[in-house]
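Enquirer: need a structure here:
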Amino acid sequence: MNLILLNHDDFVTGDRVRITGRRLEQVRSVHRAAPGDELTVGMIGGRIGTGTIIRLGDSSLDMTLSLDRDPPAPLPLTVILSLPRPKVMRRVLYSLTVLGVKRIILIHAARVEKSYWQTPFLQNDAIRAQLLHGLEQSRDTVLPEVVQRSRFKPFAEDELPALVRGSVPLVAHPPAGSPCPRSVSGPVTLAVGPEGGFVPYEIDLFRKAGFQPVTLGSRILNVETAVPSLIARIA
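Expert: As a prediction, the model looks like this:
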């Protein structure tokens, strides 16, 4: 935990907070902190700064705060991700959050198992937990927006054209793509399919919305490898 995230319920006075539960255990076991020590803290959706421990009890910890700087700038990137296997999805959401992506759209695709949409990992609380872990790792405070679209055609026809307006739209498609561009200037909308790729019908709809198919080369990458590799090249 590189950052202790705080919310309004943690405040006991104007500049004093009390934390319990998982965050307290992290302070004890990872930071091995003691009264007088300073920790990096941040308000969810707000600023980052320092928390000075003034009391460390068995069930809670009190700190005084000084929040004096803004969180890291977000990437100007929207990621459209065909829903991966549930356990993979959790790891990819974490990685996207660490990298600074603030808009994630989970979509269905022909090669996505319909049963994936029934996973409890898609519940709001489960998604939020992964996002919070990513923020703690990267010392960020701004939660990404995660949108779910379980029907591909209505999403592609009704939402994609407006979604990509003002951005560079790219779809990862190794069989027929140009080399993925490097260091793209301005906002980007990046679509990444399942490990078997988007089917031709889906690629046609992406093309109609203005997407350019791109590739990282001849190797077939899994989703966990492809997503950060594409972002590192584009950003």
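
Enquirer: show me the strands in the protein, by range?
Expert: Ranges of strands in the chain, per DSSP state E, are 4-6, 16-19, 38-43, 48-56, 61-69, 77-82, 103-107, 145-149, 168-172, 178-179, 188-192, 212-215.

Enquirer: name the helices or strands packed onto the shortest one?
Expert: The one in question is strand 178-179. strand 212-215 (3 or more CB pairs under 8 Å, 6 or more residues apart in numbering; DSSP states H and E). In short, each C-beta sits where N, CA and C put it, glycine included.

Enquirer: now do the strand it packs on: everything it contacts.
Expert: 168-181, 203, 206-207, 230 (CB atoms under 8 Å, 6 or more residues apart in numbering).

Enquirer: ok, now how distant is Ile203 from Ala156?
Expert: For Ile203, the distance to Ala156 (CB to CB, to the nearest Å) stands at 10 Å.

Enquirer: again with Val214
Expert: 18 Å.

Enquirer: repeat that for Ser59.
Expert: For Ser59, the distance to Ala156 - CB to CB - is 51 Å.

Enquirer: and what of Leu56?
Expert: Taken as CB to CB, the span from Leu56 to Ala156 is 53 Å.

Enquirer: okay, these two: which has more neighbours?
Expert: Ala156 (23 against 17; other CB atoms under 10 Å).

Enquirer: pLDDT score for the closest residue to Ile107 other than its chain neighbours?
Expert: Using CB to CB, 6 or more residues apart in numbering and skipping the chain neighbours, the partner closest in space to Ile107 is Arg149 (4.8 Å). As summarised for this prediction, Arg149 has a pLDDT of 97.

Enquirer: any idea how far Arg149 lies from Val168?
Expert: 21 Å.
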